[in-house]
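Peer 1: A predicted structure for the sequence below; I have some questions about it.
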Amino acid sequence: MASDGTLKFDTSLNTEGLQDGAGKLGDIAKNALGVFAGNLMTKATEAVINLGKEALNSGMSFESSMAKVSTLFTGTDEEFSQLSDTILDLSSATGLAADGLAEAAYSALSASVPAQDLGTILDKSSKLAAAGFTDVDTALSATAKTMNAYGESGEEAIDKVQKVLIQTQNLGITTVGELGASLAQVTPTAAAFGVSFEQVGASLAVMTAQGTPTAQATTQLNSLIAELGKSGTVAAKNLEKAAEGSKYAGMSFNEMMEAGATLDEVLGLMQASADESGLSMVDMFSSIEAGKAAMSIFTQNGEVFHNDLMQMGTDADVVGDAYAKVSDTLEFKSQQIKTSLSNIATSLFQMAAGPLNDAAEAAAGALS
């Protein structure tokens with residue numbers, strides 16, 4: 001306070017504290033940057049270590065699976081190496097694990113798929129697996145076993161079988177995975193008595209759409225075909241009587257199928273005969289399973305079955321269309337990235353496999 005009673009303030013700034021504070025802030029920033037850089041280096045080191053672990057794990061798994069394939073593969077070493085590369089490329093493209101594709105290749109060879117068709121059936125089955133909500137081994141096994149049951153081979157047969165599988169999924173309440181687990185219960189019988197795979201697919205689509213579980217539907221359909229096809233059964237005798245006066249008169253069930261008859265036509269004859277005798281469709285068969293299948297397939301006088309059968313032979317690429325929809329998702333693309341990185345690790349393992357094997361052999365010898 002001045003002598004005249006006024007107040008005076010010092011408006012000059014003392015920058016010492018500010019400079020000191022700024023200096024400390026700079027030190028903190030430098031320390032933070034150092035910590036960040038250190039953490040970054042740590043993460044980078046961990047990534048390199050994890051890549052090594054991934055290379056070892058994925059590489060050994062793929063190597064073991066391919067060794068299994070080699071026990072059945074009859075081609076040259078060069079062709080086997082090409083198959084290995086094809087599987088890795090297909091794995092990265094589809095997001096499916098390479099060792100899983102190798103296991104599928106082994107299943108294909110076990111099912112007598114020719115070595116020259118391996119790449120084709122693996123490619124097509126990987127797409128069917130994604131579209132059919134199952135694994136590639138199930139998709140491929142269902143394809144190969146069905147082809148074997150009908151004595152078919154080649155790319156055209158693969159396409160036909162897989163089209164029926166995906167259409168059965170589209171039209172029924174089932175999946176390719178469920179079909180793959182149960183189809184073998186009916187396809188050998190159907191093929192033996194001349195029932196096309198398209199008719200099997202249409203039957204299962206109708207039956208599952210009405211609520212019959214896939215496994216139960218294949219069992220019922222097998223009973224139906226077996227009873228109609230086997231000479232001397234209740235169903236075979238009733239069919240013979242029902243066919244009197246029709247263009248199928250005097251024919252067995254197998255001969256009717258060879259002449260171009262469809263299941264809805266056959267069951268239509270039996271339903272008319274049952275109506276004349278005051279019986280139900282179930283009464284025309286000796287087992288309740290076969291009777292249930294007949295009633296399901298002939299629902300709405302067979303119109304649903306007939307429409308489904310027509311769609312089994314569509315010219316549309318139904319497998320490709322379904323795969324395109326499934327693959328155009330973030331989850332699918334994320335899995336592609338993850339699998340591609342795993343396959344890079346597998347490739348690193350393959351590059352180092354020779355020295356690693358030598359080291360492992362030396363270590364085993366030293367320990368023994």
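Peer 2: On my side now, so go ahead.
Peer 1: Quick one: residues contacting the closest residue to Ser125 other than its chain neighbours.
Peer 2: Distances taken as C-beta to C-beta, 6 or more residues apart in numbering place Leu140 nearest to Ser125, at 3.8 Å, with adjacent residues excluded. (C-beta placed from N, C-alpha, C; glycine too.) Residues in contact with Leu140 (C-beta atoms under 8 Å, 6 or more residues apart in numbering) are 104, 107-108, 121-122, 125, 129.
Peer 1: closest to Ala184 among the residues you listed?
Peer 2: Ser107 (13.1 Å; C-beta to C-beta).
Peer 1: Name the SS class of the closest one, please.
Peer 2: When classified by DSSP: H, G, I helix; E, B strand; the rest coil, Ser107 comes out as helix.
Peer 1: Next one: it, what pLDDT does it get?
Peer 2: What the model reports as pLDDT for Ser107 is 93.
Peer 1: ok, now Gly119?
Peer 2: 90.
Peer 1: Ok, Glu79 next?
Peer 2: Model confidence at Glu79 (pLDDT) stands at 91.
Peer 1: That one sits in which helix or strand?
Peer 2: Here Glu79 sits within helix 77-94, counting by DSSP states H and E.
Peer 1: Can you list the buried residues in that helix?
Peer 2: For helix 77-94, a neighbour-count test (16 or more other C-beta atoms under 10 Å) marks 83-84, 86-88, 90-92, 94 as buried.
Peer 1: try stretch 333-346
Peer 2: 335-336, 339, 342-346.
Peer 1: Next: stretch 346-353.
Peer 2: 346, 348-349.
Peer 1: Distance check, the closest residue to Leu83 other than its chain neighbours against Ala316.
Peer 2: In space, and not counting its chain neighbours, Leu83 is closest to Leu118: 6.4 Å by C-beta to C-beta, 6+ apart. In this view, Leu118 and Ala316 are 27 Å apart by C-beta to C-beta, to the nearest Å.
Peer 1: neighbour-wise, which of the two wins?
Peer 2: Neighbour totals were compared for Leu118 and Ala316, and Leu118 leads with 22 against 10 (other C-beta atoms under 10 Å).
Peer 1: Sketch out the strands for the stretch 201-350 of the chain, chain order is fine.
Peer 2: For the stretch 201-350 of the chain, no strands are identified by DSSP state E, counting those that start in this stretch.
Peer 1: got a list of contacts for stretch 180-195?
Peer 2: 132, 134, 138-139, 141-142, 145-146, 149-151, 165, 196-197, 199-200, 214-215, 217-219, 221-222, 225-226, 228-229, 253-254, 257-258, 263.
Peer 1: ok, now which ones touch the most centrally placed residue in the chain?
Peer 2: The centroid of the chain falls nearest to Ala129 when counting by C-alpha atoms, centre = their mean (1.9 Å). Residues near Ala129 by C-beta under 8 Å, 6+ apart: 96, 135-136, 138-140, 176.
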